[in-house]
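In: Fold the following.
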Amino acid sequence: MESELKTSYETKKNCEIRIFESLDEMETDLAEFISQVSEISVKERGFFSIAVSGGPLVKFIRKLCEAPYKKTLDWSKWYIFWAEERAVAKNHVESNYKLTKEEFLSKVPILNGHVYSINDSATVEEAATDYEFVIRQLVKVRTVGVSERNDCPKFDLILLNIGSDGHVASLFPNHPALELKDEWVTYITDSPEPPPERITFTLPVINSASNIAIVATGEDKAKAVSLAISDCIEGRDAPSVPARMVQPTEGKLVWFLDKVASTSLEAKSDAYEHHGY
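Out: Next comes the predicted model:
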């Protein structure tokens, strides 16, 4: 059988684009990427802080629940957060916590005390305030790192989806939340996708991470991916999407794309340094 192809492009902004022929190949590489970041973080800091998003992303990390990772990773050093969460009960079908619990947390030995979900009995505003307070306490003791540039939390890894409209976390196009500079966690009550009430990391927090991974699959994401990655779109009237504003201040950004999500990048590939492996 012909081997799966993986292509990688290095851009000029400490950003790597990995393109996969199959979802299985992408999941395998994503698991290895997370494993490597985890091992480096534990060795250098003694902890591994990871923030995940909801939706299909959690299913893409399921290989971490299998050999060799289930036995080789130092799960006792993992600290789990959510880069976004729907303001619903933890047992609600739309809860990111519920999905992550079912698909991942229940299958690996991460300590319950290291899992930081939002207060689902509070109002969405209170939940955002409480969540930021918890993170600030963990930054003080350096369980979560801190950026020397802006004093934001410096998560070891933030995992994000991109929506077909180019949103990441719960930061949607043209939303005022995109402009926030001082808040670490904010809330919205008017999400264009249900449910309307959500909490989300702000861009300064996302961009302060040591590593950011954005996963995109499916033809409906191709245009958003192109707008987010392209360095060629200029001018005041150029389309803008929130994912394009994900630009790490010191860390690294890696895109994990399936073939169809990357179709609009084909014509632009000459702008990047190409690697096949």
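In: C-alpha only now, for contacts and for neighbours.
Out: OK.
In: Where do the helices of this protein begin and end?
Out: Secondary structure of the chain by DSSP state H: the helices cover 23-45, 69-72, 96-103, 124-140, 203-207, 222-229.
In: what's in contact with the first one?
Out: In this case it means helix 23-45. 4, 19-20, 47-48, 60-64, 69, 73-74, 77-78, 156-157, 211, 256-258 (CA atoms under 8 Å, 6 or more residues apart in numbering).
In: Residue 258 contacts residue 219, correct?
Out: No: Residue 258 is not in contact with residue 219 according to CA atoms under 8 Å; the separation is 9.1 Å.
In: Could you check which of those two is surrounded by more residues?
Out: Neighbour comparison, residue 258 and residue 219: the larger count goes to residue 258, with 24 against 16 (by other CA atoms under 10 Å).
In: Look up how far residue 100 lies from that one.
Out: Going from residue 258 to residue 100 by CA to CA, to the nearest Å gives 22 Å.
In: any weak-confidence spans in the stretch 1-150 of the chain?
Out: 1-6, 8-13 (pLDDT under 70).
In: Go again with 50.
Out: 1-3 (pLDDT under 50).
In: Please enumerate the strands of the chain.
Out: Along the chain, counting by DSSP state E, strands occupy 6-10, 15-20, 48-52, 78-82, 84-86, 145-146, 153-154, 157-161, 185-188, 198-201, 211-216, 252-258, 273-276.
In: possible to save those strands as CSV with distance to residue 112?
Out: Shown next, in CSV, are the strands of the chain (distance: least, CA to CA, whole Å):
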stretch, distance to residue 112
strand 6-10, 36
strand 15-20, 33
strand 48-52, 14
strand 78-82, 9
strand 84-86, 18
strand 145-146, 21
strand 153-154, 22
strand 157-161, 19
strand 185-188, 22
strand 198-201, 21
strand 211-216, 24
strand 252-258, 29
strand 273-276, 40
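In: among the ones you listed, which is nearest residue 93?
Out: strand 84-86 (10.3 Å; CA to CA).
In: Which secondary structure elements does the closest one sit against?
Out: Helices and strands touching strand 84-86, by 3 or more CA pairs under 8 Å, 6 or more residues apart in numbering; DSSP states H and E, are helix 96-103, strand 198-201.
In: Which of these has the highest mean neighbour count?
Out: strand 198-201 (a mean of 25; mean count of other CA atoms under 10 Å).
In: For it, enumerate its sheet partners and note whether each is parallel or antiparallel.
Out: Strand 198-201 pairs in its sheet with strand 84-86 (antiparallel), strand 185-188 (antiparallel), by DSSP bridges.
In: Same question for stretch 184-195: list its buried residues.
Out: Of the residues in stretch 184-195, 184-188, 191 count as buried by neighbour count, 16 or more other CA atoms under 10 Å.
In: With stretch 26-34 instead?
Out: 26-27, 29-32, 34.
In: same check, this time on stretch 70-80
Out: 73-75, 77-80.
In: contacting residues around residue 221?
Out: So residue 221 contacts 162-166, 261 (CA under 8 Å, 6+ apart).
In: let's see it at 6 Å
Out: Shown in contact with residue 221 (CA atoms under 6 Å, 6 or more residues apart in numbering): 164, 261.
In: any low-confidence regions in the stretch 151-277 of the chain?
Out: Short version for the stretch 151-277 of the chain, where the test is pLDDT under 50: 232-236, 267, 270-277.
In: ok so, going back, can I get the buried residues of stretch 184-195 in JSON lines including distance to residue 146?
Out: Formatted as JSON lines, the buried residues of stretch 184-195 follow (distance: CA to CA, whole Å):
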{"residue": "184", "distance to residue 146": "12"}
{"residue": "185", "distance to residue 146": "15"}
{"residue": "186", "distance to residue 146": "19"}
{"residue": "187", "distance to residue 146": "22"}
{"residue": "188", "distance to residue 146": "25"}
{"residue": "191", "distance to residue 146": "29"}
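In: between those residues, which is closest to residue 173?
Out: Using CA to CA, the buried residues of stretch 184-195 come closest to residue 173 at residue 191, 10.4 Å.
In: Could you find the closest non-adjacent residue to the closest one?
Out: residue 197 (6.5 Å; CA to CA, 6 or more residues apart in numbering).
In: Burial check on the one you found, number of neighbours?
Out: 20.
In: what's the nearest residue to residue 120 if we skip its chain neighbours?
Out: residue 89 (5.3 Å).
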